[in-house]
Each structure stands twice: as structure tokens, then as C-alpha cells.
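**Q** Fold the following, please.
(chains A and B)
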Amino acid sequence: MPESFLEHARALRGHQPAAPREPFDPARTGRGVGYAQAALDQEVERVRAATEGTRNHTLNRAAFALGQLVAGGELERGTVLTELTTAARAIGLGDAEIGATLASGLASGGLSPRRAPAPHWNQPTPPGGWDIRDRDTGRETSQVKGAETVSETDDTDPAHVRYLADVEFELRRLRARTRAELLFADELAADLPVFLATLRDMLVDTYGLDDIAEPVPLVGDILYRDSLVWLIGRPGSGKSFIALDLAGSIGAKETWQGLATQGGGVLYLAAEGAAGVKQRVRAWESATGHAMTGVHFLPVPVQAADPGAWAALVALVAELGVVLVVVDTQARVTVGMEENSATDMGTFVERLEELRRASGACVLVVHHQGRSGEHMRGSTALEGAANTVIRVTKDEDEITLECVKQKDAPEFDKIHLRLVKHGLSAIVSLMFDETPMRTDTLAIKRMMIDWWNSHETDWVSVSTLIESPNISKATFHRAKKPLENAHLIEARGEANARRYRMIRKPDHE
Amino acid sequence: MLILDPLDEALSDALARGDLTEFNRLGEIADRQAAQRRARLSSAAALAAAALWYVNRGVAVFPLQPGDKKPYPGSRGFKDATTDEDQVIAWWTERPTANIGLPTGLLFDVIDVDGEVGSRSLVRLRRAGAVPTVYGYATTSRPCGKHLYIAATGDGNGSAVWPGIDYRGKGGYVVAPPSLVGDRHHEWLYPLDLDALAAAHA
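**A** Numbers count the residues shown, from 1 in each chain, chains lettered A, B, ... in the order given. Modelled structure (predicted):
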């Protein structure tokens, strides 16, 4: 029988975060509080009485036993952590040691929850033994013979009880560890409760995903805040002109080549030196007719391999509160780092992440692309870490920006720019398509008919729109401008929540 | 599985390449095909022919009220479904505009996607790998509505399995293309691939 969609779908549906656990309320159980409190007192006492050499073992045992009760809902986790930590500090254990021991003990205990024994716990065994039946068959199970069987094991001997408990503890610990280790590997030794709590807080279900903030656009549908972007291309393809043009437009709170920008401060790390940048900036200013305000230039090749210098750069970026950081170029700030080493590039990515985290800015790295074409030069770590990769190619004076990767947003269409000589340098300017887009091509006709049939004049998102069979993302994006100009469709909302609707019924049906 | 019409893809490609000659050539073919399909769909004999098409391929059918999803009053609904050609000819001779009902849970079950909400759910279920191989893909009369025909699993019907997603399995039925519900035809985007379906059950 083929796999069941229904079960799969329902299981996914049920995959919602656990309901918040009821706060511990002793009054709720009535029977448990005395027992649980006694158990806590007893374990704390044991820890306090532990002598050197057995301290850790005793603490672990206590954490395990109480962890079972926490999981069973008899004790509050926080209370156990506080009490045991206090006791353990009192006997001279270090915080790191305590944290690790409590983490593994509580986690292991948590895997076999225990409730306080029911009130009849101390009642004598009834004549004929407990009425224990196999629940499925209703037959008495052969293992349970009655009181005499129970008394065969000498459970009154404290030493024996202790021994059994130890054996059981060890077995459970080993089992739990194996399971936990599979889950957490190295982190087990670290601060597991903290780690677990963090992960738990981060759990989202499919509906919760909607609450995760959509990327905040910085420039049209090209650059987004809080992201790592690589602008790649052969040397001389105009990458730096584009980076500078982006920086200038954002800094001056202007549109960039016809695309809306979210203006703000920019830090331009001109690692190739101040001289080249100066000429380009002057050309830009002369061409646009205004000063390149809002852009801070740092003509220093701050090295990613130098933690001290980089930390200062991170602090500076945070202090400036910029929305865009341009690193021009990667090679100049990674001197001594091996470009094809995953470790070195991993470090570099982490450095860039520091910049991004500190500022929430878009970190744009200008990077020379290898001759081999397609891929980014160097380690795949870079391509993996990138939210956006834009390839720049130049043919004569025509520069093309092409989206190679756009992780969390739709890929954007190619942008054609022209490199125009200006003074001693040059600027980039938008190259208009020679053939303006027509709105009566077949693909667009089809799209419009489908659109009308599915949504009439309702506001819809692009993702909904392309659910329709004759509407492809590419056709839509290619057609939206001309359709808007022809007053066939209109748009509303920010770029991350844009909705479109048809203004009227398409007349060609 | 390919859901897009290959012709549509070729059209998109041609447009992307800027090859207008090719685009126009393919577009004419596509237009002709679409016109033919519309003509077929709206012809008087369309439903009867389609009912026979199903039956000849071993898919049991039963008649539904014209323009509607409901079986005829007094009939036993999907329990009347048959692969008997004579019976089907008799039904559609008497009522040429009857819609076509296909019982689910035999060869295929159907994931019934409705509206924008359902489409979103479908995307999520797809990403989660929950959607099995689709052997037929049809539009319905509802906005963004679609029927995904999958191999029968033995499951029964499910209502609101996910937001906007119903399930038709054992004891259920669907309105099959080219039935007309309201003013819209149900239409195959990817016609039911019975050979592949049979292979999946083998």
C-alpha cells in the first residue's frame, strides 16, 4: 500500500509546539508534595555530606533522581537547579563542573519520568499478591505469583536496595547518555539546560514560520538588511563601481537605478586604498549633482585574520549604526588566509557574521571571481553562507547583474547597466531595454486570463499567483511593470508583503 | 513530475532568450491547442465522450447533476459507479449534460486543494515531503482549486486535513474533468496517468 498522505499530513499538522507546561502547583497533586520535598531535602543532604572523590558522583545521582521527579511533574526544575547548585558550591565544586553534572544528570533523569508513589505505597501486600493482570489479554501474567515472590528479593536490606538502585541508575544513565549523545554530541558537556531551553524557545511550527520576520529590503528585491552578499565578477567587470553606486544611493537616500532603497548610513571599507575610491566618488558626485553623503569611507585593509583589529571594526560598525557595509575587496582583507581552505573561509564567514550581527546591516563583499566561471572563487563555505550572490559581467560597456543565489527571497531579474566614462573615472547608469515590453504577448495573455479566472480583482501575493498553472514567476516579473503602466494591474504594500490585483477584466478572452 | 505543459516552458524559454520567431511559432501552436480543447470541452458530447474515455481505461464513473457536484436524487451516488460501457452510454444518452463522478479509494485517492489557504498548505506539505507522487492534476471550479490524484492508500476521507485541504479516499468521490461546476470546467493540467498508476500498485 503506498505511503499515506493523510497520516503524514496529520502528523505534520500535529507538529505544533507543546502547550506551555502547567506551572508546578503542589496543591494540585496533594499527595506528591511531601514526597517530592522529602526527596529534594534528602538529595541536597547527600550532596552536602559528600566527601572529596565522590562529590561529582553524588551530585550526578541527585540530579538524576530529582530530574525524574521534575519530568514527572512533581518538582520544579528551577528549584532543583538552585538547591543542588547551592549545595554543590558549598562542598567546593566549581560552577563549570556543577553545570555539566547537573545538565547530564537532569537530562538523563528526565528520560525516565517518575511520579510520587501513590498513597497506598506503604500498605502491606494484600493476600494473594497485587492484582496485576496483563492489560491486553485480561489473563494474569505468569511472572506475578503473589506475595511470596515479592518477598524473595530481600528488599528490606538497605544495602541491597542501594545496590539495586545503583545498578538501575547506571543502566539508565548509560542508556540515556547514548540517546542524549546522539542528539547533542559535544554540547552535552556544555550547558545542556541552557542549551535545551534556548532550542526549545526557538522551536516553531509551520504556522509559526509565518511570524519569522520577512527579509527587510534595502534595495528593491536585490539587497536585504541583515544579510551576507557577495558581488562577484572578473577583475575589471565594474564590481566596485556598482558597490560604490549602491553605497552612494543608499547613503543619499535616493533610489538606486530606479529601485526603491531604504536609505541609511553606509560604511565603505575601501581596502584597495583611498586613491581609486576618491576618483570614483568625485565622478559619481559630478554625475549625480550631489555629494555622496551618508557614506563613511575606511581606506584601511582591516584584516579578518587579526581578531583585535576586526573586533574594533565590528565595534565601529555597531557605533555608526549603518545599514550597509561594503567590503571591497575580500582578497584585501583576507591576506594570509587560504582562499581554498574551508577552515579559513569558515573563519572569514564568521567575521562577516559578526559585522552583520552587530549592525543588522547588509554586508556586501566584493570578490574576484575565478576564470572557471560559474562558481565563487574559493571555498564553498562562502557560497553556502551567502544570502545573496550577484554575478557581475561586462561586455564592452554593458554591465549585467545577475542573481546567482537569493536564499530567502525571490531571485531578481537581470539588471543591465552601462558604464559611462565621466571625468577621470566612470559611473554606472541604467540601460533601458531597447524593446519595451509588450502586454499582448501570448504568455501574458494567458497569465491575465488565468489570473482573472482565479482571483478576479482580489489582492493576491505573487506566491499565490504562481499557483495558477499559466502564471510563471518569470513571466509575471517581466510583465508587471508594463502591466502596471497599462493600468491593467496595480500593486500595494511593501516589497516583502506586496500584493497585486487586476484592475479590470482582460479584454482579450 | 512535470506539471507545467512542456509547451509553456518552451514558450517561457523562447521569451527569455528573446527569440520572438520561435515564441510566435510556439504560441500559435499553443493557441490552436487551447482553441481545440475549448471546443472539445464545450461541445455537447464532451461529457459523454469523457465518461467513456474513463470507462474504457478501467476507471469507474457515475453521473452527477449537471453543473453541480451532487449525485442525482434517488441514485446511490458513488456506489452506482461502474465500468460497464453500456450503462455509461445509457446514462449519458439520457442526460448528456450530466457531470462525471469518480469514486476514490479504488485506484486513486485525491488531495483536494481549495483556495489560497489550501495552496499555501500544499506548498508546505510538499516541502515537508508529505505529498506522494501525483498521477493526475486537475483544476476545479474553486479559486486556486486543484485535485491531485495520488495512488490509493486505503485511507478514508479527511476533511480539513490541513487548512484548505480535504482528502478523498475510500467512500468518497470527486468531480472529474471536464465536468462543468457553476460556470467553470474542471480541467486536466496533467491528465491522469493510469499506466503509471497501475505500475505504482503493482
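
**Q** Check whether residue 112 sits in a helix, strand or coil.
**A** Here I'm looking at chain A. Put simply, residue A:112 is coil when judged by DSSP: H, G, I helix; E, B strand; the rest coil.

**Q** actually chain B
**A** Here residue B:112 is strand, with the state taken from three-state DSSP.

**Q** Quick check: nearest residue in space to it, chain neighbours excluded?
**A** The shortest distance from residue B:112 to any residue other than its chain neighbours is 4.1 Å, reached at residue B:166 (Cβ to Cβ, 6 or more residues apart in numbering or on different chains). In short, each C-beta sits where N, CA and C put it, glycine included.

**Q** Any idea how many residues pack against that neighbour?
**A** Here the neighbour count serves as a burial measure; for residue B:166 (other Cβ atoms under 10 Å in any protein chain shown) it reads 18.

**Q** Touching the helix or strand encompassing it from outside, list them.
**A** Assignment of secondary structure by DSSP states H and E places residue B:166 within strand B:165-168. Outside of strand B:165-168, the residues that reach it under the criterion Cβ atoms under 8 Å, 6 or more residues apart in numbering or on different chains are A:5-6, A:9, B:104-105, B:109-114, B:118, B:121-122, B:125, B:155, B:157-161, B:174.

**Q** Weed out the non-buried ones from those residues.
**A** Neighbour counting with 16 or more other Cβ atoms under 10 Å in any protein chain shown marks A:5-6, A:9, B:104-105, B:109-114, B:118, B:121-122, B:125, B:155, B:157-158, B:161, B:174 as buried within those.

**Q** Narrow those to those in strands?
**A** When these are checked against strands (DSSP state E), the matches are B:109, B:110, B:111, B:112, B:113, B:158, B:161, B:174.

**Q** Would you check which pair of these lies furthest apart?
**A** With distances taken as Cβ to Cβ, the most widely separated pair in those is B:161 and B:174, at 15.0 Å.

**Q** Need the residue closest to the centroid of chain B.
**A** Centroid-nearest residue in chain B, with Cα atoms, centre = their mean: residue B:138, separated by 3.6 Å.

**Q** For that residue, give me the pLDDT.
**A** For residue B:138, the pLDDT comes out at 87.

**Q** buried ones in the helix or strand where it lies?
**A** Under the criterion DSSP H and E, the helix or strand holding residue B:138 is strand B:134-139. Across strand B:134-139, burial judged by 16+ other Cβ under 10 Å covers B:134, B:135, B:136, B:137, B:138, B:139.

**Q** Low-confidence stretches in the chain?
**A** Went with chain A since none was named. Within chain A, the ranges that satisfy pLDDT under 70 run A:1-3, A:14-34, A:116-213, A:370-379, A:424, A:430-441, A:495, A:507-509.

**Q** I was after chain B.
**A** Chain B contains residues with pLDDT under 70 at B:1-6, B:8-9, B:11-12, B:15-16, B:18, B:20.

**Q** Mind checking what helix or strand follows the longest helix belonging to it in sequence?
**A** With secondary structure taken from DSSP state H, chain B has its longest helix at helix B:20-42. Later in the chain than helix B:20-42, the nearest helix or strand by DSSP H and E is helix B:46-56.

**Q** Off-centre distance for that following helix?
**A** Mean-position distance between helix B:46-56 and its chain equals 13 Å (Cα atoms, centre = their mean, to the nearest Å).

**Q** hmm, who's touching it?
**A** Surrounding helix B:46-56, the residues in contact under the criterion Cβ under 8 Å, 6+ apart are B:40, B:60-61, B:63, B:82-85, B:88-89, B:91-93, B:96-100, B:102, B:176-180.

**Q** Stretch A:446-464 too?
**A** Contacting residues not belonging to stretch A:446-464 are listed as A:410, A:465, A:467-473, A:475-476, A:479, A:483, A:488, A:492, A:497-506, A:508-509, B:8, B:30, B:116, B:119-120, B:123, B:143-144, B:184 [Cβ under 8 Å, 6+ apart].

**Q** tally of neighbours for residue A:289?
**A** Here the neighbour count serves as a burial measure; for residue A:289 (other Cβ under 10 Å) it reads 6.

**Q** what's the spacing between it and chain B?
**A** Counting by Cβ to the nearest Cβ, to the nearest Å, the separation of residue A:289 from chain B is 35 Å.

**Q** same deal with residue A:40?
**A** For residue A:40 relative to chain B (Cβ to the nearest Cβ), the value is 43 Å.

**Q** Next up, phi/psi of that residue, please.
**A** phi -60, psi -50 (degrees, to the nearest 10).

**Q** Could I get the contacting residues of it?
**A** Residues in contact with residue A:40 (Cβ under 8 Å, 6+ apart) are A:66, A:69, A:75, A:79, A:80, A:83.

**Q** before we move on, what about residue B:169?
**A** Neighbour list for residue B:169: A:6, B:104, B:105, B:109, B:152, B:153, B:154, B:155, B:156, B:157, B:158 [criterion: Cβ under 8 Å, 6+ apart].

**Q** Please name the spatially closest residue to the residue in the stretch 301-450 of chain A that chain B sits nearest to (chain neighbours excluded).
**A** Using Cβ to the nearest Cβ, residue A:442 is the residue of the stretch 301-450 of chain A that sits closest to chain B, at 3.8 Å. Nearest residue to residue A:442, sequence neighbours excluded (Cβ to Cβ, 6+ apart): residue B:27, at 3.8 Å.

**Q** Among the contacts of residue A:40, which lie within helices?
**A** A:66, A:69, A:79, A:80, A:83.

**Q** what about the first one, distance to residue B:101?
**A** With the distance defined as Cβ to Cβ, to the nearest Å, residue A:66 ends up 62 Å from residue B:101.

**Q** These two: which is more packed in?
**A** When residue A:66 and residue B:101 are compared on other Cβ under 10 Å, the one with more neighbours turns out to be residue A:66, at 29 against 26.

**Q** mind checking how far that one is from residue A:485?
**A** Relative to residue A:485, residue A:66 is positioned 70 Å away (Cβ to Cβ).

**Q** List buried residues within the contacts of stretch A:446-464.
**A** Neighbour counting by 16+ other Cβ under 10 Å classes A:465, A:467-472, A:475-476, A:479, A:483, A:488, A:500, A:502, A:506, B:8, B:30, B:116, B:119-120, B:143-144 among those as buried.

**Q** Many thanks, have a good one.
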